[in-house]
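> What follows is a protein structure lacking sequence information:
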């Protein structure tokens, strides 16, 4: 697209000075990179959600699953998880396998080369040498962006997929959250116009911040932020919602919000919270959902959670159809498959197969 | 089958109260689970042994090996080894690869989610989300059963294969032992009527206990238990043999038994034995086999060992045709492939291919 | 070939007494093993280099890449890395994937069986049981040879590929270095007649020693060894060059050699050097190459490095076309694919495909 900017034509200093929204334009090139939540437009989100559902349906039949495995069978992905995360690793690995994409992995926090004094840039350029795509998780914020920029300045730029980078960005988590909302509201008009309630530790989770931003891409949504004062959503996000014209409510009262929620996004209140002694006066039970609360909810309310959970959702409700957090997990696999296929520009092949064979839903 | 019981219709408390033999009926459903040695009937053992040999023969030719890889190419298996075991991991991994079943693995004792306070049930439900089958090894006895029961109470029950769970159950090890006996006695009438001698640490090994039980499924076998008193087979197993009407002899004298053995099943005398000071008066050399003993054995005697070994079998006899422990290792791969294929109900496809092409033995 | 010797017909003591050149004749059997740099003849090197380039070209097209994956799709390789090495592991893994060869891996320095008192020979025989090839890296010098010899004395000998064994041998590194030189000199007459300059720590690196030996297979090459006195190339290598009639120069003056170099092979000066206090009087900057040196070089000079690097090559020259060390990394993948395919004797299939379809370069 003519409006796309090239990562190879900007200095690192100039690139870093860009806003998140400005950066997005630099990731749509050839190859495209997936680095930040802010790079996804509504059109892109709709395209990915539709493709994810098609892949899921094609996969249901044996011949369909075997067909999907031909789509990227000529490619290899490198999964570099410098920060351990079993579920994110497995979800990406499964997404690759669905598409027949061979995977290699490094799941150590310390690689042997780092021990030998190699720079992180050299390490990752090495890993990228053997693959056609790199899926990476790294403790340093912005490192995935740095890698994409660095590879754009070599003669072998391959797509970088950020599977979690530092405290801020985990764009595919936000994608799977949006996809889960989209699926949950499939028969009631989609995400537009819905009320989405965020509960728990809203101050630190990159998940909530990214999803809140993505929801500004939808029409007439209202966001509710329910948390003890010390863990409330940051003002930077509220400013962003204001700028986007998205309605929101900030409150500590979960019970009164339950009946109007179309979706409830629960989050884990982290250890650090207790350690710091923040919010001691507020019982965590106020930010909990269990069997006793279910009668307050609409029949169509979707309960999400990025998992792992601790006490904030009772296992008693796991089999309630409104508890979608386990489906949410599998949705991550389908939306990542859609994203990876699109990264290699082969989504049209899957769409044509779908149109030709029309697998049952 | 109408006699099968459903795991989803029994409470965990009621299920735990069942005997091993009663439990077996609950694992034959859709999907079937492989959890305990006691779930295998003679008919099932015969079916699996026959299928294992057919898979092995089909695999010998290049086109056959490529055919086998189409059988489960639309499926994915999760290998979760919370307790490290290279050989069990590799054997299952190879079995999956033979059938074209994609694998993902978690081989850490600590996963990142456990660190975050997630329950073991949630962790494994997460892992199961991405796969069509879970192959698991876990230090906690009964945990694999718990997982199968738990998944049966969700809307996404996938087969669980127990690759070692606590001190008691390692059903696929017993399967490969039976298969190795079956192969060793192929030209002399099979397992029925044979004398099988167990030697070494019989008190603790789950291997011996499981195999002893499985051998009650065969006609007119006699079991010999040769061990120092402190390491002898438990009374619970002898009670079980009595109940099944299986003949057995308990002795400390290996040498006198050697000439009548059709199979000798050696086991490793474990470190703990020495630590505990048990059996110090009995030299471990009494429970050893070496080149000097081979003239005492029949020409057809099969020497098995679950491996790893230490001193109890001399490497001098490794190339004697009666030493089948290395073949036993590979047999584990073939019988696991047969088991996994059967788990997905596609054994008829392999059987048809075999009948059509009749690969040479 | 009638001149080949069989590993199964020589005792371990006699085998160990052979020279490296004599040993080579024992690795050409069925199956062939890749154990030492000295087993490669010029004819073999030429064959592998040609095949590597053909595989690389076939792989460029989607149908070609999918074709390559059928070549070894009926086989499985075991990657046993008792000594961690991400890049060597990944390179071999990618080579296997290019050919459709399924891989299993053990990347722990301690396996569970070793803990149980198993001998290293038993451990590796176990691992070999499940695979059709073993690719291994081990800290003990000569261990890969020992494994090949041991397997030759069983009824299931599979090919062993040494991916680094102790301080001396890493034959596929030497292969990729030769292949990189061959590719770099493709349009200027190949390696024959060229000047190759080795710089840095020449005393310890097995890389330099192996490559120097391989270059004796080429006509009229001149080798330059540029290093501080304490890190100079060993007399044993010089004796070997003398015996082969290969010209060489030993010097400390890098700058004067730069203009005549056809290739410069930089190496990392290791930590131990500083620790030992060796060569303190020589600044490491003398054995460094950076942007300020590039005007001294020919337009066609190739700069190689086995990587990882530290300070000896400035990142400023990474995008200079003469800096081939990143291509060198990928070359490792192609030459290893060629080697593995040849190990299974299926190179003719790839050659025929190439001749039939003539992929563009």
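That came through, no problem. Remember, it's a predicted structure, so these values are computed and weren't measured experimentally.
> Just checking the distance from stretch A:288-295 to the centre of its chain.
27 Å (C-alpha atoms, centre = their mean, to the nearest Å).
> how about that stretch, does it get close to chain B?
No: using C-beta under 8 Å from any C-beta of the partner chain, stretch A:288-295 stays clear of chain B, coming no nearer than 14.7 Å. The way it works is simple: take the backbone N, C-alpha and C, and place the C-beta from them, glycine included.
> List of residues touching that stretch?
Stretch A:288-295 has contacts (C-beta atoms under 8 Å, 6 or more residues apart in numbering or on different chains) with A:199, A:258, A:264, A:266, A:303, A:311-314, A:316-317, A:320, A:322.
> can you give me the end-to-end distance of it?
With C-alpha to C-alpha, to the nearest Å as the measure, stretch A:288-295 spans 15 Å from end to end.
> Tell me the confidence at the closest residue to chain B within the stretch 1-150 of chain A?
Ranked by C-beta to the nearest C-beta, the top residue of the stretch 1-150 of chain A for proximity to chain B is residue A:65, at 3.4 Å. Here the pLDDT value assigned to residue A:65 is 98.
> how about it, what does it touch?
Contacts of residue A:65 (C-beta under 8 Å, 6+ apart): A:58-59, A:98, B:73-75.
> tell me which parts of the stretch 101-250 of chain A are close to chain C?
Taking C-beta under 8 Å from any C-beta as the measure of proximity, the stretch 101-250 of chain A contacts chain C at A:102, A:104, A:106, A:108, A:111-113, A:116-119, A:121-123, A:125-127, A:129-131, A:153-156.
> Residue A:42: neighbour count?
14 (other C-beta atoms under 10 Å in any protein chain shown).
> now it, nearest residue through space, not along the chain?
Excluding the flanking residues, the one nearest residue A:42 by C-beta to C-beta, 6 or more residues apart in numbering or on different chains is residue A:217, at 4.1 Å.
> So what does that neighbour look like in phi/psi?
phi -80, psi -10 (degrees, to the nearest 10).
> any idea of the mean pLDDT for stretch A:327-338?
Mean pLDDT, stretch A:327-338: 98.
> My error: substitute stretch A:46-54 in the last question.
98.
> Centre of the chain to it, how far?
Using C-alpha atoms, centre = their mean, the offset of stretch A:46-54 from its chain centre is 14 Å.
> Same check on stretch A:85-100?
13 Å.
> Could you see whether chain B lies near it?
Yes: interface with chain B: stretch A:85-100 contributes A:85-87, A:90-91, A:93-94, A:97 (C-beta under 8 Å from any C-beta).
> can you tell me which of these are in helices?
Counting by DSSP state H, the residues of stretch A:85-100 next to chain B place A:86-87, A:90-91, A:93-94, A:97 in helices.
> among those, who's most crowded?
Counting neighbours by other C-beta under 10 Å, the top entry in those is residue A:91, with 28 neighbours.
> okay, and for the stretch 51-200 of chain A, where does confidence drop off?
A:109, A:111-115 (pLDDT under 70).
> for chain B, what are the nearby residues on it?
Counting by C-beta under 8 Å from any C-beta, the stretch 51-200 of chain A sits next to chain B at A:59, A:62, A:65-66, A:69, A:84-87, A:90-91, A:93-94, A:97.
> Of all pairs in those residues, which one is the farthest apart?
Pairwise distances across those (C-beta to C-beta) peak at 34.0 Å, for the pair A:62 and A:84.
> out of those two, which sits in the more crowded spot?
More neighbours surround residue A:84 than the other of residue A:62 and residue A:84, with 17 against 14 (other C-beta under 10 Å).
> Pop out the phi and psi values for the more buried one.
Residue torsions, per degrees, to the nearest 10, at residue A:84 are phi -70, psi 140.
> was I right about it contacting residue A:110?
No: the pair residue A:84 / residue A:110 is not scored as a contact, 11.7 Å apart, by C-beta atoms under 8 Å.
> need the strands for chain A, in chain order.
Listed in chain order, the strands of chain A (DSSP state E) span A:76-81, A:102-106, A:133-138, A:160-165, A:195-199, A:222-226, A:247-251, A:263-266, A:302-304.
> that older thread, tell me the one among the residues of the stretch 51-200 of chain A next to chain B nearest to chain C.
Using C-beta to the nearest C-beta, those come closest to chain C at residue A:69, 11.1 Å.
> tell me the contacts of the closest one?
A:97-100, B:73-74.
> redo that, cut-off 6 Å
residue A:100 (C-beta atoms under 6 Å, 6 or more residues apart in numbering or on different chains).
> so what are the domain limits for chain A?
A:7-170+A:332-357, A:172-329 (automatic domain parsing).
> and the longest one, how far from the chain's centre?
Averaging C-alpha positions (C-alpha atoms, centre = their mean) puts domain A:7-170+A:332-357 12 Å from its chain's average.
> Centre-most residue in chain A?
Computing the C-alpha centroid of chain A and ranking residues by C-alpha atoms, centre = their mean puts residue A:173 first, at 1.9 Å.
> That residue and chain B: what is the separation?
14 Å (C-beta to the nearest C-beta, to the nearest Å).
> Find the nearest non-adjacent residue to that residue, please.
residue A:207 is the one closest to residue A:173 (C-beta to C-beta, 6+ apart), at 5.4 Å.
> Isn't that neighbour up against residue A:304?
No: Residue A:207 lies out of contact with residue A:304 (C-beta atoms under 6 Å); the separation is 9.9 Å.
> quick one: which of the two has more around it?
residue A:304 (27 against 23).
> Might one say that that one is in contact with residue A:264?
No: under the criterion of C-beta under 6 Å, residue A:304 is not in contact with residue A:264, lying 7.0 Å apart.
> roughly how far apart are residue A:342 and residue B:76?
Here the criterion is C-beta to C-beta, to the nearest Å. By it, residue A:342 lies 21 Å from residue B:76.
> So which of those two has more stuff around it?
Using other C-beta under 10 Å, the more surrounded residue of residue A:342 and residue B:76 is residue B:76, with 22 against 18.
> Bridged to that one, which residues?
Judged by DSSP bridges, the bridge partners of residue B:76 are residue B:102.
> In this model residue B:102 seems to touch it, though I could be wrong.
Yes: contact criterion C-beta under 6 Å: residue B:76 and residue B:102 qualify, at 4.5 Å.
> Quick check: neighbours shared by the two?
residue A:97.
> ok, which stretches of the stretch 101-250 of chain A are helices?
Using DSSP state H, counting those that start in this stretch, the helices assigned to the stretch 101-250 of chain A run over residues A:112-115, A:120-129, A:143-152, A:171-184, A:206-215, A:235-244.
> Please tell me how far the residue lying closest to residue A:220 once chain neighbours are set aside sits from residue A:213.
Nearest residue to residue A:220 in three dimensions, chain neighbours excluded: residue A:193, at 4.5 Å (C-beta to C-beta, 6+ apart). Relative to residue A:213, residue A:193 is positioned 18 Å away (criterion: C-beta to C-beta).
> Could you do residue A:30 as well?
Where residue A:213 is concerned, residue A:30 sits at a distance of 26 Å (C-beta to C-beta).
> Between the two, which has more neighbouring residues?
residue A:213 (21 against 9).
> List the residues that contact the more buried one.
residue A:37.
> what's the answer for the one 5 residues further on, then?
Remark: with contacts taken as C-beta under 6 Å, 6+ apart, residue A:218 is in contact with A:191-192.
> and it, what pLDDT?
98.
> Ramachandran angles for it?
Per-residue torsions, residue A:218: phi -110, psi 160 (degrees, to the nearest 10).
> Residue A:346: neighbouring residues, count only.
16.
> With residue A:248 instead?
Neighbour count for residue A:248, taken as other C-beta under 10 Å: 18.
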